[in-house]
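1. Fold the following.
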Amino acid sequence: MSWRKLIIPSLALAVIVVGMLLNVNSSTNAISAANATEKVCEYHGIAIDSCTRCNPDLISVFKANGDWCAEHKLPESQCDICNPNLKGGNPTSAESNHATHGLHDETGHDHSKHETQAVDWCSEHRVPESQCTKCNPKLIDAFKAKGDWCGGHGLPESHCYQCNPGLKFAQEEQVKKPQAQPEATTIDWCAEHRVPESECTKCHPNLIGAFKAKGDWCGGHDVPESHCYQCNAGLKFEQEAEYKKQHAGQKQSHVPNTSLHRENAAQCASDKAVIQFASIQTAARSGLSIITAEESPSSEILDIPGEVEFDATHSMSVTCPVSGVLMRWVVNPGDQVQRGQILAYIESIDAAERMADYIHASALHKLASKALDRKQDLAQKGLASVREVDEAEAELMQAQADVNRASSVLTMLGYTDDNLAELVTDTDNSRLVPLRARQSGKLVEQAVELGAILEAGQPIGMISETAQLWVEAQVPETGMDQVKVGQTATVSFDGNGWTSGSGHVIWIADGVDEATRMGKVRIAIEPNGTNLRAHQFVRVNIETSQTANSVLVPVDAVQWEGCCNVVFIQETPDRFRPRKISIDYTNGNYYVVSGIQPGEKIVGTGSYMLKTELMKSSIGAGCCGEGA
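-> Next up is the predicted model:
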């Protein structure tokens, strides 16, 4: 079956996943032999072993020898812009050998030996570098003259992976061989317990007997006396200083280990993959937004757990003022209420007694008022003394005081002046007590059901201004000194920022919990329409200090493709390549720890579409079909 025609799937995307090991065929060997004697970079016109554009590892060698043009990013000895006399001809092979084989670094290492051992391989196009027609277009005519050309895909037939699915090159296998890495010196140190690893009784309980036999044991703290920091305040170990020196500069990631933020796999299916559009016009119509990775100041982040709560200064419990039975709710959870609005009715014996007291006091007040009027009339006729009038006035004042006391109690129970007036004239003794809202807000909770027997002071609901939220965060005692009032904090519900809010620290506890050894920190959330809800468990990132500039990219530019976090680098207007990055979430952006440089062009909006094309290849969905 002959594979000749590329059938582009949705949006004419073709994913070329480069990960197969391929064989060298007869025509490839012939071309390799023809070029072996030339030793000249056909694309850049200089000796292959001195071409910094094909061999970027040479750049540091030329720079070390002072042979570098920073303006044009070429060795000064190869820059025909600064040296017009070079335009007449390129360095010969002998001159190139002189330029590279005589270069040594400060340690006397001959870099030319390293370069002569470089594998003849173009990793970008997966063919030998000396035969790559993409990098060296001058080679095209030679392949066409030999009849080794695939017109359908625009490359030599002997290099066409689509027409030759089993194609392999020996050079690729050499490139993939792992390079020996120097082993890091292992320091005898247990970072968790701050003692030498070979003496740590927490990690190696079998050592306890030996320490006790030597009399080196602190029974109060269950560690060797020579390891007890509490009994020996100035205790130090040489290994700790060595350990800190070895790990200096290693930045800890503040990314929660969630399904969206796992560690990158060492090997994955998207390694060396390329996403190629059918044309520049097709790429332009796909809706991809291209952005530039920018560098900006970042902060050290303290990542701690917390719980969202209603702001206590904008919340109030609905309590029952007297004992009784809940008979009816007037409002439902989620309803907005106003101060003084009736929320529920209860039936209460205690309330009935208070109403009877008010009715009785009102009756006595009415009687005392009439008695005073009669005494005053009699006094005008000389039939009552001044003393009798004074006594009547005193009785009326006492009756008024009793009315005021009884009415105050009923007002606290929720009665209005109109309700009190009705009590005096209404003969119905079975009255319901209204429970009224003492502040405006939303009824966020109904804590009891109808028919429940209530005690005086028992909470039955909660009214709160839901836009006002707090987060109670738990900080390890070792991190309490890093937190200051006023520091900026970011709160995310799901650990990845899709549901998040921002705020600042408003309170720090003066002590820590005796059991957990954690201190409380309170963060006020800005009322900016966040989707956070009370009683949710959240992750809190508190910015504790400023650090050096870091590369920031938008949230939607990063995709988890199954085993790695990737962004899509724009190589040409119609070609994109996924690249692994390490990320650290901060303030609505991903802080890129490694994998991308400032100024690189990446896909913002639309990166998910490229991810789907990448995933189709990894699950075996074909992008090629048989054509005429």
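
2. Skipping its backbone neighbours, what lies nearest Ser369 in space?
-> Take Ser369 and drop its neighbours on the chain: the residue closest to it by C-beta to C-beta, 6 or more residues apart in numbering is Leu396, 5.7 Å away. Where you see a C-beta, it was placed from the backbone N, CA and C, and this is true even at glycine.

3. Now do the contacts for the one you found.
-> Going by C-beta atoms under 8 Å, 6 or more residues apart in numbering, Leu396 touches His365, Ala368, Ser369, Ala371, Leu372.

4. Dump the residues you listed into a markdown table; add neighbour count as well.
-> Shown next, in a markdown table, are those (neighbours: other C-beta atoms under 10 Å):
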| residue | neighbour count |
| --- | --- |
| His365 | 20 |
| Ala368 | 20 |
| Ser369 | 14 |
| Ala371 | 17 |
| Leu372 | 19 |
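
5. Val127: neighbour count?
-> By other C-beta atoms under 10 Å, 27 other residues sit near Val127.

6. Now do it against Cys150, distance only.
-> Per C-beta to C-beta, to the nearest Å, Val127 is found 13 Å from Cys150.

7. Between the two, which contacts overlap?
-> His159.

8. how far does whichever helix in the chain runs longest sit from the chain's center?
-> In the chain, taking DSSP state H as the definition, the longest helix is helix 349-380. Put simply, helix 349-380 sits 71 Å off its chain's centre (C-alpha atoms, centre = their mean, to the nearest Å).

9. Check stretch 505-516 too.
-> Stretch 505-516 has its average C-alpha position 25 Å from the chain's average C-alpha position, going by C-alpha atoms, centre = their mean.

10. which residues sit against that stretch?
-> Applying C-beta under 8 Å, 6+ apart, the external contacts of stretch 505-516 come out as 474, 477, 480, 483-487, 489, 518-524, 542.

11. I'd like to know the average pLDDT value across it.
-> Averaging the model's pLDDT scores along stretch 505-516 yields 92.

12. And stretch 413-432, by the same measure?
-> Computed over stretch 413-432, the mean pLDDT rounds to 71.

13. hmm, back to that, which secondary structure state does the residue nearest to Ser369 sit in?
-> For Leu396, the secondary structure call by DSSP: H, G, I helix; E, B strand; the rest coil comes out as helix.

14. now it: how far from Ser385?
-> With distances defined as C-beta to C-beta, the gap from Leu396 to Ser385 amounts to 17 Å.

15. got it, and Gln376?
-> Using C-beta to C-beta, one gets 12 Å for the distance from Gln376 to Ser385.

16. what does stretch 438-449 contact?
-> By C-beta under 8 Å, 6+ apart, the surrounding residues in contact with stretch 438-449 are 310, 314-316, 318, 326, 329, 331-339, 343, 454, 458-466, 534.

17. which of those count as buried?
-> Buried residues within the contacts of stretch 438-449, defined by neighbour count using 16 or more other C-beta atoms under 10 Å: 310, 314-316, 318, 326, 329, 331, 337, 343, 454, 458, 460-466, 534.

18. show me what contacts Ala392?
-> By C-beta under 8 Å, 6+ apart, Ala392 lies in contact with Ala368, Ala371, Leu372, Arg374, Lys375, Gln376.

19. doesn't Val389 make contact with the fifth one?
-> Yes. Contact criterion C-beta atoms under 8 Å: Lys375 and Val389 qualify, at 4.8 Å.

20. More neighbours: which of these two?
-> Shown here are Lys375 and Val389; by other C-beta under 10 Å, Lys375 has more neighbours (22 against 17).

21. before we move on, what SS does the closest residue in space to that one that isn't next to it in sequence have?
-> For Lys375, ignoring the flanking residues on the chain, the nearest one in space by C-beta to C-beta, 6+ apart is Ala392 at 4.3 Å. In the three-state summary, Ala392 is assigned as helix, counting by three-state DSSP.

22. Distance of Ala392 relative to Ala368?
-> Per C-beta to C-beta, Ala392 is found 7 Å from Ala368.

23. Same question for Ala524.
-> Remark: distance between Ala524 and Ala368 (C-beta to C-beta) = 56 Å.

24. And Leu435, by the same measure?
-> Leu435 is 34 Å from Ala368, by C-beta to C-beta.

25. What are the boundaries of the helices in the stretch 351-500 of the chain?
-> Counting by DSSP state H, counting those that start in this stretch, the stretch 351-500 of the chain forms helices over residues 386-413, 417-425, given from the N-terminal end onward.
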